[in-house]
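**Q** When you get a sec, could you give me coordinates for this:
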Amino acid sequence: MIREADRLRTFAPLPGRSIKHRASLYADDLVVFVTPAAEDLTCLQQILLLFAGASGLIANIDKCDRCWATLPARAEKNVVAMIDASMTVIIGDGASAKLWTDNWSNVGSLCSFAPQLFADISPRGKKMSVNDGLFQNRWAREIHGADTVQVLLQYLRVWAILRAVVLDPHVPDRLTWKWSPDGKYSVSSTYRAFFEGSTALLGAKELGKTKAPPKVKFFMWLVLHRRIWTANRRLRHGLQDSDDCNLCSQASETCDHLFVGCVTTRQLWYRLLLPLGLQDLTPLTEESLGIWWLRQRERLSADSRPPFDTLLLLITWTIWKERNNRVFNRITSNLAAIAQEVIREGQCWCEAGYSSLAHLISLWSQNQVVL
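**A** Residues are numbered from 1 along each chain as shown. Next up, the predicted model:
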């Protein structure tokens, strides 16, 4: 019956393409995917009642509520604060808006405006609607705490606010969402609001599209965040006594210095870019790796950018391995050996399916004298 109802378009179509079957049966449990619409839920309930009448089996609809009740769903404080600041209630008849907890007045929610007074309200009074609270001033009868100066002062302020409220019995209360032009809630607008004012990580978008092994992309993500354990970072955490660069011993070993500003690194970049005709892209000064990467790739054509992005990750990965080899194994390789290691690593990447390096590997192989 569920399949027939789906064929007849009685149910609203499910979003996306990930759900292949609307109903799934396992032992005596039935899982049905429907949209949260009243028409779909009513139709499903009628189908289950018809099935119960025909088979004699009782469909326990109440079981659906219990399965959700045991989930450990707790609202985080920042999410609750976000909702309180973003959602307002336009008062109509006051039947659905909560008097104390909803944001319907020009001072926000009354529980935040008058916290001492709200603490003295009975549990039943805290849940009453605006309509119930204003009727014959029932809200004042739910105050059962001590009459302190703060409580009396907040009482007078709340009294002045509620005296000015005029309800319209013919218009229902309406929720409005601050971050949508039409005032309707949407997940996308909420997601954007949570990141309002944040800055994007330079190179993150390009890194996501770069063809490279996952572990290397994760390493580059750490580099862009400056979260790898360079000598400078280890010194700041008290793990060593010096932050000298392990490649040149001329400056502090930071992420930007190690991959862009180091003398040894610049020579390596020049050796590897010269056979490709890209020697003009060699870093000349110490600057942010992300800024240098984005600026240099803008100088290339659209077809040349993906191979250059993969090349960048290949060289930085090899530099990091050489640095670690010197630190932990006490083995130092000369510039030519490091360049050859880049080629060998690139050949392994090509064999693994990262074919964008194939043309670069062939150019390097034809210019072994330069390397």
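
**Q** Contacts only, for A114.
**A** A114 makes contact with Q154, Y155, R157, V158, according to CB atoms under 8 Å, 6 or more residues apart in numbering. All C-beta spots, glycine's among them, are computed from the backbone N, C-alpha and C.

**Q** now those: which count as buried?
**A** Neighbour-count burial (16 or more other CB atoms under 10 Å) applied to the contacts of A114 gives Q154, Y155, V158.

**Q** The contacts of A114: which two are farthest apart?
**A** Y155 and R157 (7.3 Å; CB to CB).

**Q** Can you pull out the low-pLDDT segments for the chain?
**A** Low-confidence segments of the chain, defined by pLDDT under 70, span residues 17-18, 27-28, 59-73, 368-371.

**Q** returning to what we had before: so which of the buried ones among the contacts of A114 are in helices?
**A** Among the buried ones among the contacts of A114, DSSP state H puts Q154, Y155, V158 in helices.

**Q** Need those residues in TSV (columns: distance to R234).
**A** Formatted as TSV, those follow (distance: CB to CB, whole Å):
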residue	distance to R234
Q154	55
Y155	60
V158	58
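
**Q** Go through the residues you listed and name the one nearest D40.
**A** Nearest to D40 among these, with distances taken as CB to CB, is V158, at 42.6 Å.

**Q** That closest one reaches S112, doesn't it?
**A** No - look at V158 against S112 with CB atoms under 8 Å: they stay out of range, at 11.8 Å.

**Q** The one helix or strand S189 maps to: what's the following helix or strand?
**A** Assigned by DSSP states H and E, S189 falls within helix 187-194. Next in sequence after helix 187-194, counting helices and strands by DSSP H and E, comes helix 204-209.

**Q** just checking, what packs against the helix or strand hosting N324?
**A** Using DSSP H and E, the element containing N324 is helix 305-328. Helix 305-328 sits against helix 204-209, helix 214-224, helix 263-273, helix 289-298, helix 335-351, helix 358-366, with contacts defined as 3 or more CB pairs under 8 Å, 6 or more residues apart in numbering; DSSP states H and E.

**Q** let's see it at 7 Å
**A** Secondary-structure packing of helix 305-328 (3 or more CB pairs under 7 Å, 6 or more residues apart in numbering; DSSP states H and E): helix 214-224, helix 263-273, helix 289-298, helix 335-351, helix 358-366.

**Q** Of the ones you listed, which is nearest L49?
**A** helix 214-224 (51.2 Å).

**Q** May I see the buried residues of the following helix or strand past the closest one?
**A** Downstream of helix 214-224, the first helix or strand assigned by DSSP H and E is helix 231-236. Buried residues in helix 231-236, counting neighbours by 16+ other CB under 10 Å, are found at A231, N232, R233, R234, L235.

**Q** try stretch 149-162
**A** V151, Q154, Y155, V158, L162.

**Q** nearest to M1, of those residues?
**A** For the buried residues of stretch 149-162, the nearest to M1 is L162 (52.6 Å; CB to CB).

**Q** What are the neighbouring residues in contact with the closest one?
**A** Counting by CB atoms under 7 Å, 6 or more residues apart in numbering, L162 makes contact with L134.

**Q** What helix or strand is it located in?
**A** Using DSSP H and E, L162 falls in helix 149-163.
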